[in-house]
Structures are given as structure tokens and as C-alpha cells.
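Undergrad: this one's structure only:
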């Protein structure tokens, strides 16, 4: 029976988050992988040692869970998706947990209320349950 705690849901949602980036990014997988890595470096979301290729990006998007997906990739995909004019939304609870986790990791909020108020309006309903769970997980000082 699969684990049903927040962190397990978040990890299961990471491939879907990467898949959304691949689907909505409007470029070739090779260029989207480059953009993901370069955005991570420029924004200091992460410092990837290497730039993934299209095959790696596709493998991340099709993985059974996010255990082999570097956190910088999911955090950067969230950063880019949140800014898209298309206003993408998570498709299910697991993906919402990944979005919420990455939203909190990408910012330094003093409170859950601050994190909720900074969230783009189109994500309020989709992350209504996941964001408090992500906050509780963050407050538990989980080291990833």
C-alpha cells in the first residue's frame, strides 16, 4: 500500500509538475530542459551540476514518483508555471502537494497566511488543502 503522508504525495506529484512544464512550455524538450536549468541557476533556486537533456526531462515527467527528480527541477518548474499567462493548475492532489511544497521552498514566508496571500489568485482553490499541509511539513523541519 503506497504511503499517504504529505511528503509521499508531494514526491508522487513531482513527475506531473515536470510534465506540465513539458506540455505548456511551448518549445522543444531540449530547449525546455536548458531553460529549466538556466532559470534555476539565474534565480538561485538551485545550482544544477549539469543541464539535463530532453531524454532526462521526459524520464522525470514519466517517473512513478519524484525520488530521482532533483528538487531544483521541480522548484524551477513551479516557478515558471506560476508565471504563465495560461494559469495552469495541478491536476490532482499529489500534484497540488508538489506545487505547494515548491511554492514554500521558493519563498521565505513568515506565516502560512503570508504564503496564502502571496499565492496567485488562480491557485487559491487548487492549493487550499495542500498549502497548509506543506506548511505543516515545512514547520516539521524535514530535511530534503
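TA: Here it is on my side, so go on. All figures in this text were calculated on a predicted structure; none of them were measured in a lab. Numbers count the residues shown, from 1 in each chain.

Undergrad: what residues are up against residue 90?
TA: 13, 16, 17, 96, 98, 99, 126, 127, 130 (C-beta atoms under 8 Å, 6 or more residues apart in numbering). Bear in mind the C-beta positions are built from the backbone N, C-alpha and C, glycine included.

Undergrad: helices and strands of this protein: which one has the lowest mean pLDDT?
TA: helix 130-139 (a mean of 93; mean pLDDT, DSSP states H and E).

Undergrad: pLDDT weak spots in this structure?
TA: 1-3, 141-144 (pLDDT under 70).

Undergrad: need the contacts of residue 90 in TSV (columns: secondary structure and distance to residue 71).
TA: What follows is those, written out as TSV (DSSP: H, G, I helix; E, B strand; the rest coil; distance: C-beta to C-beta, whole Å):
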residue	secondary structure	distance to residue 71
13	helix	13
16	helix	15
17	helix	11
96	helix	17
98	helix	10
99	helix	13
126	coil	21
127	coil	18
130	helix	17
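
Undergrad: farthest pair in these?
TA: Based on C-beta to C-beta, the longest span within the contacts of residue 90 runs between 16 and 127 and measures 14.2 Å.
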